[in-house]
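Colleague: coords please:
(one chain, ligands or ions: 1)
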Amino acid sequence: MATSLRLGVNIDHVATVRNARGGAYPDPVRAAKIAEAAGADGITAHLREDRRHITDSDIEALMAALSLPLNFEMAATEEMKAIALRHRPHAVCIVPEKREERTTEGGLEVARDENRLAHFIAPLRDVGCRVSIFIAAEQRQIEAAHRIGAEVVELHTGAYCDFHAEGRFDERDGELARLAEMATFADSLGLEVHAGHGLTYETVGPVAALPELVELNIGHFLVGEAIFLGLDASIREMRRLMEDARA
Ligand code: PXP
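Modeller: Model (predicted):
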């Protein structure tokens, strides 16, 4: 059982708003500093192949300015590996990426790409990055992530959150049960277990209560809620809900 639950704040969509107009405002580094002051344990940023939100210079600026650990999300491409090896962030989370998708739609297909991924992550581990793999909560993906030498798995909570938003509560509860079972399974293999995608104030509690979880990564909702509450308050409320669920 993990004693405390870390909150990684994903700042991609601060960059989305900035890029809507070009220029430098609002600055993701400023958001990261507010997140730190509000109690975030880490900052997450996804450098997508098409640079639709976070850019190469954002990663450089975050690495230079942050005292919190950076969780660098990236696709398993040679271009991204070279960037990660240059910056050596605290953690690298390998995610699937399709140009045409609006957001990361599913988990990585590790089981079918085991050899390539094992070779892909080895140099990242060698330079000291903690390698996490973003996967669906499925036993065969967890087993494959373990075999390739990942230290962490991040379980995709998108389906659980979508079912909640659509009022399909039986299916939501089924997803939650699957997340719970797979978190226990991953933990039993010695993997550190994270979760994220689509989490909101309404959906975070039952996920935060899963005892094996060590970290949640949350972005879009926090940045959206910042429009109404301010970023500091939106993060503090999420932390409070996470802590209440753990207690
Ligand atoms: N975890 C991973 C691996 C992700 O790709 C994302 C989305 O970039 C998140 C967590 C955060 O999802 P959201 O922005 O929906 O909170």
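Colleague: In three-state terms, how would the residue positioned nearest the centre of the chain be classified?
Modeller: With distances taken as C-alpha atoms, centre = their mean, residue 217 lies nearest the centre of the chain, 4.1 Å away. Following DSSP: H, G, I helix; E, B strand; the rest coil, residue 217 is assigned to strand.
Colleague: And it, what's its pLDDT?
Modeller: With respect to pLDDT, residue 217 scores 98.
Colleague: Next up, the contacts around it.
Modeller: By C-beta atoms under 8 Å, 6 or more residues apart in numbering, residue 217 lies in contact with 8-10, 44, 71, 93, 154, 194-197. (Glycine included, C-beta is placed from N, CA and C.)
Colleague: who's in contact with the residue nearest to it when sequence neighbours are not counted?
Modeller: Residue nearest to residue 217 in three dimensions, not counting chain neighbours: residue 196, with 3.6 Å by C-beta to C-beta, 6 or more residues apart in numbering. Each residue near residue 196 by C-beta under 8 Å, 6+ apart is listed here: 8, 10, 154, 156-157, 216-218.
Colleague: So which of the residues you listed is the closest to residue 112?
Modeller: residue 156 (16.5 Å; C-beta to C-beta).
Colleague: what's the residue lying closest to the closest one once chain neighbours are set aside sitting at in phi/psi?
Modeller: Leaving aside its sequence neighbours, residue 156 sits nearest to residue 107 (C-beta to C-beta, 6+ apart; 4.6 Å). Main-chain torsions, residue 107, degrees, to the nearest 10: phi -90, psi 170.
Colleague: thought residue 107 was touching residue 93?
Modeller: No - counting by C-beta atoms under 8 Å, residue 107 stays clear of residue 93, with 11.3 Å between them.
Colleague: more neighbours, those two?
Modeller: residue 93 (26 against 22; other C-beta atoms under 10 Å).
Colleague: That one bridge partners, please.
Modeller: residue 73, residue 132 (DSSP bridges).
Colleague: distance of it from residue 163?
Modeller: Distance, residue 93 to residue 163, using C-beta to C-beta, to the nearest Å: 24 Å.
Colleague: now swap in residue 75 and tell me
Modeller: Applying C-beta to C-beta to residue 75 and residue 163 gives a distance of 27 Å.
Colleague: swap in residue 32?
Modeller: On the measure of C-beta to C-beta, residue 32 and residue 163 end up 31 Å apart.
Colleague: neighbour count winner among these two?
Modeller: Ranked by neighbour count (other C-beta under 10 Å), residue 32 and residue 163 place residue 32 first, with 26 against 19.
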